[in-house]
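Participant: Predicted structure and sequence below. I'll ask about it afterward.
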Amino acid sequence: MVLLLDGPDDTVDGAEIARPEHLVADPHELAIMQSIYKPIEYATAFKALLLKSELEKSDIVFFLDPDMRLFQPMSEAIELLRNGTGTVLTPHRLTPPAYKDRHFYEFTFKTYGIINTGFVGATRASLPVLDWWHSRLKRNCIDDLRGSEWVDQRVMDLALQYFDVDVLKSHAYNVGWWNLEERPLHREDGVWYVGDAPLVLMHYSGVRPRGARASSPQLTHSPANPIANDAAHLAEIRLLEDTYVEDLRAAGYDDYSTVEYGFLRTPGGRELSNAARRGYRRLVLEAEEQGKIPPSPDEISWSLLARIERRLRLMESPRSLVRDYRVLRKR
């Protein structure tokens, strides 16, 4: 199953297509989510709902981010789901970094979360976890690192203390720039390995086509990343990334990457700034806290909303500005 967020009803070879309207039946609610969230937020806000939807058809389901590639069957994760709590998560890293490298790695984990939610395994026993997760993603799937929010991911750290969940501590799963230093990659007879174990799941986070090769800023533009100075390991990583980029281009990446985000603008054609989206989110939260139906996106002045939000961010007379929000309903 592939979740297609916007655009025409394209097909994906070998996969069913799900759309947001299949997961959120209320058009008013869907319009709110499209308006309060920028692309990365909107794309990650449906993870729990998609898993729940698939659990109506299958006993075991997995969510994989679109920038992941499966190299081997997920046998270890499936076994853990069958014999464990019914929820399987993977951490960003399994071993402590060297003291000199702690700032690069541990700052990342403290900022973006311990758990990486690019991979989530679930059975029907995980429904309480998924219900709780979606209750947070519905309005708080935001990129606000100052407010300790990183889209769908940072909040999942709390699941470790709220619920019984299994953490899959395998070097072969969710391999990405944040743990390459502890997971040496190499290829033997056409099979990729992490140390002595076959690579199962690679996470190409941040990898983009650039010219004829892959560009991975976290490796090439971050001298603090220890792996950037390991020439032999970096060569293996580059081979994996370049192959991934070749396949992206063969699948039409260059054409699709130029298509405008489907919910970039209001129905009137005005581009929605991040400030305007945050301002509208404030209105929605205020209405819901008062037990009222939130205003529709077409009922408000987006330009005024953006100006107020920018000023609120600068902490200029916040009390009087909050009152200005109520004026928006009358415009």
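Facilitator: Yep, it's here.
Participant: The residue lying closest to residue 69 once chain neighbours are set aside: how many residues sit nearby?
Facilitator: Spatial nearest neighbour of residue 69, chain neighbours left out: residue 202 (5.0 Å); criterion: CB to CB, 6 or more residues apart in numbering. Bear in mind the C-beta positions are built from the backbone N, C-alpha and C, glycine included. Counted by other CB atoms under 10 Å, the residues lying close to residue 202 total 24.
Participant: do you know how far residue 202 is from residue 248?
Facilitator: Counting by CB to CB, to the nearest Å, the gap between residue 202 and residue 248 amounts to 13 Å.
Participant: circling back to that earlier point, for the residue nearest to residue 69, which three-state class applies?
Facilitator: Three-state assignment for residue 202 (DSSP: H, G, I helix; E, B strand; the rest coil): strand.
Participant: my guess is residue 47 contacts residue 138, does it?
Facilitator: No: checked against CB atoms under 8 Å, the pair residue 47 and residue 138 is beyond contact range at 11.7 Å.
Participant: So if I had to pick from those two, which one is more boxed in?
Facilitator: More crowded of residue 47 and residue 138, by other CB under 10 Å: residue 47, with 24 against 17.
Participant: wait, what's in contact with that one?
Facilitator: 63, 117, 120, 133, 137, 152 (CB atoms under 8 Å, 6 or more residues apart in numbering).
Participant: now do residue 106
Facilitator: residue 97.
Participant: quick check, distance from whichever helix or strand it is part of to the centre of its chain.
Facilitator: Using DSSP states H and E, residue 106 sits within helix 102-112. Distance of helix 102-112 from the chain centroid (CA atoms, centre = their mean, to the nearest Å) equals 18 Å.
Participant: Stretch 195-209 now?
Facilitator: 17 Å.
Participant: end to end, how far does stretch 81-101 reach?
Facilitator: 34 Å (CA to CA, to the nearest Å).
Participant: what comes up buried for that stretch?
Facilitator: 81, 84, 86-93, 97 (16 or more other CB atoms under 10 Å).
Participant: Show the pLDDT at residue 191.
Facilitator: Note for residue 191: predicted pLDDT of 96.
Participant: tell me which element residue 240 falls in.
Facilitator: Secondary structure from DSSP H and E places residue 240 in helix 231-250.
Participant: how about that helix: buried residues?
Facilitator: Buried residues in helix 231-250 (16+ other CB under 10 Å): 233-234, 236-237, 240-241, 244-245, 248.
Participant: Would you agree residue 172 is in contact with residue 196?
Facilitator: No: applying CB under 8 Å as the test, residue 172 and residue 196 come out as separate, 10.0 Å apart.
Participant: in this structure, which residue is closest to the centre?
Facilitator: Geometric centre of the chain, nearest residue: residue 44, 4.4 Å, by CA atoms, centre = their mean.
Participant: Okay, strands next: where are they in the stretch 1-150 of the chain?
Facilitator: Assigned by DSSP state E, counting those that start in this stretch, the stretch 1-150 of the chain shows strands spanning 2-3, 17-18, 61-64, 68-70, 87-91, 115-122, 143-144, 149-150.
Participant: Nearest to residue 311, out of the ones you listed?
Facilitator: With CB to CB, the closest approach to residue 311 among these belongs to strand 143-144: 17.6 Å.
Participant: Tell me the helices and strands packed up against that closest one.
Facilitator: strand 149-150 (3 or more CB pairs under 8 Å, 6 or more residues apart in numbering; DSSP states H and E).
Participant: Name the strands paired with the strand it packs on and say parallel or antiparallel.
Facilitator: strand 143-144 (antiparallel) (DSSP bridges).
Participant: what distance separates the strand it pairs with from the centre of its chain?
Facilitator: In terms of CA atoms, centre = their mean, the centre of strand 143-144 is found 12 Å from the chain centre.
Participant: coming back round to it: determine which two of the buried residues of stretch 81-101 are furthest apart.
Facilitator: Most distant of those, by CB to CB, are 86 and 97, 31.4 Å apart.
Participant: Specify which member of the buried residues of helix 231-250 is nearest to residue 254.
Facilitator: For the buried residues of helix 231-250, the nearest to residue 254 is residue 248 (8.6 Å; CB to CB).
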